[in-house]
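[1] okay, predicted coordinates and the sequence, questions at the end:
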Amino acid sequence: MKIGLIGLPNSGKTTIFNALTGLDAEISSYSTQKTEPNLGIVKVIDERISKLAEFYEPKKIIHATIEYIDFAGLPRVAGKESLSNSLLTLAKTTDALAAVVRNFKDEIIDQTLGKPDPLADIEIINTELILSDLIIAEKRLEKIELSLKRGVKNNELMIEEKAVRKAIESLNKDIPLRNIDFPSDEEKSIRGFQFLSQKPMMIILNSDEKNLGHNSELQEKIRSNYKVMEFAGNFEMELSKLMHEEQQDFMADMNIKESARDRLTKLSYELLGYISFFTIGKDEVRAWTIVNGENAVDAAGKVHSDLARGFIRAECFSYEDLIRLGSEKALREKGLFRLEGKNYIVKDGDVLKIRFSI
């Protein structure tokens, strides 16, 4: 899973990035000319994989991971050049965007930019994504129209033209494409463009320690359009540098039950509709991520394309049932060790062994 951290300059994006990854990327209270993104990969902490490892004692334990990409700040004046072509390409590879908005006071930043206004910042970010997509859509429409004038006319091109025109109409009304329901054939025709305003987006409200937990009204306003989570960025960054026991003590003092990393991981899975399944064996126990609603063949393809191509059956049981009964033998005796076919919809916490032949 790839999550792109976006936001205006001095929103605390890189502070959040450091808190999530435990890295030490450079932070400044001044707007800089930095354009290269910061990259960090973190493990998805899931106690279920640790429990499975206790059962099977594998040589390796492989967690699911999230890659965070901390992009350069977006311009405060909509329409100015924001992302270079190379960075725009990288942004398109993300599964979702996390927009960091400033909700903290800083003497230097306040003198330059004024008091924090998260709602206004969200609007600026949204506008910038829309403008970026509009440029791409309009250029594509020009090429489609040129092809039609030259007599190139087929069903695929007509479907794409309809989808692109619908996208342009919506973008011109300042409606992000994630809010538009495209028929499946139209959605497929424009999928390759990876429009930024079509990507799922959540909001990270970056507060200071003094006002953390006192912004319920603001969060409700944001929640009317986005999933939102509040962090005390500086606190979370310092917390990430401590040993585990020290982290727990500080979190208790701040009445924080989970770290920023754990909370954002849960929100990311929720936003994207992701679930986890597991593969087991003496060599490795591993967690895999798929979209809720995908079937056994889709899951097999996540493990290896050959498993999907030669899929026969999936041996399947529930992690919860294994923990409750204590062994695969007990699962078999209770009829909870199953053989499932191609159309079986994988559930969160399923343990799968794929039978295949190629």
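    Good, I have the coordinates.
[2] drop to CA atoms for contacts and neighbour counts, all remaining ones
    Fine.
[3] what does the domain assignment say about the protein?
    For the chain, the domain assignment from automatic domain parsing gives the residue ranges 2-43+65-114+199-271, 127-197, 293-356.
[4] mind checking how far the last one is from the chain centre?
    To tie it back to what came earlier, the one meant is domain 293-356. Here domain 293-356 is found 25 Å from its chain centre; the criterion is Cα atoms, centre = their mean, to the nearest Å.
[5] same check on stretch 7-20?
    A distance of 16 Å separates the C-alpha centroid of stretch 7-20 from that of its chain, computed with Cα atoms, centre = their mean.
[6] about what we covered before: can you list the domains of the chain in TSV and add distance to residue 56, mean pLDDT and mean neighbour count?
    Converted to TSV, those look like this (distance: least, Cα to Cα, whole Å; pLDDT from 0 to 100; neighbours: other Cα atoms under 10 Å):
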stretch	distance to residue 56	mean pLDDT	mean neighbour count
domain 2-43+65-114+199-271	20	83	18
domain 127-197	40	93	16
domain 293-356	10	94	17
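[7] nearest to residue 58, of those domains?
    Closest of those to residue 58 is domain 293-356, at 14.8 Å (criterion: Cα to Cα).
[8] now do the end-to-end distance for that closest one.
    Domain 293-356 has an end-to-end distance of 22 Å (Cα to Cα, to the nearest Å).
[9] adding distance to residue 57, write the domains of the chain out as CSV.
    Formatted as CSV, the entries for the domains of the chain read as follows, by distance: least, Cα to Cα, whole Å:
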stretch, distance to residue 57
domain 2-43+65-114+199-271, 20
domain 127-197, 41
domain 293-356, 14
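[10] any idea which of those gets closest to residue 49?
    Among the domains of the chain, domain 293-356 sits nearest to residue 49 (Cα to Cα), with 9.4 Å.
[11] which element follows the one helix or strand residue 112 maps to toward the C-terminus?
    When secondary structure is defined by DSSP states H and E, residue 112 falls within helix 107-113. The C-terminal neighbour of helix 107-113 among helices and strands, as given by DSSP H and E, is helix 118-149.
[12] CA atoms only for the helix holding residue 112, dumped as PDB, please.
    Written as PDB, here are the backbone C-alpha positions of helix 107-113 (Å, rounded to 0.1, in the frame of the first residue of the first chain):
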ATOM      1  CA  GLU A 107       5.200  32.400  15.900                       C
ATOM      2  CA  ILE A 108       7.200  32.300  12.700                       C
ATOM      3  CA  ILE A 109       4.600  30.700  10.500                       C
ATOM      4  CA  ASP A 110       1.700  32.800  11.900                       C
ATOM      5  CA  GLN A 111       3.600  36.000  11.100                       C
ATOM      6  CA  THR A 112       3.900  34.900   7.500                       C
ATOM      7  CA  LEU A 113       0.700  32.900   6.800                       C
END
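[13] for residue 282, find the nearest of the domains of the chain.
    Where the domains of the chain are weighed against each other on Cα to Cα, the nearest is domain 293-356, at 12.7 Å.
[14] please enumerate the strands of the protein.
    Counting by DSSP state E, the chain has these strands, from start to end: 2-7, 38-43, 60-62, 65-70, 96-103, 201-207, 227-232, 274-279, 284-291, 311-318, 338-340, 350-356.
[15] where's the residue lying closest to residue 357 once chain neighbours are set aside relative to residue 352, distance?
    Distance criterion Cα to Cα, 6 or more residues apart in numbering; nearest residue to residue 357, sequence neighbours excluded, is residue 310 at 4.7 Å. Between residue 310 and residue 352 the distance is 15 Å, computed by Cα to Cα.
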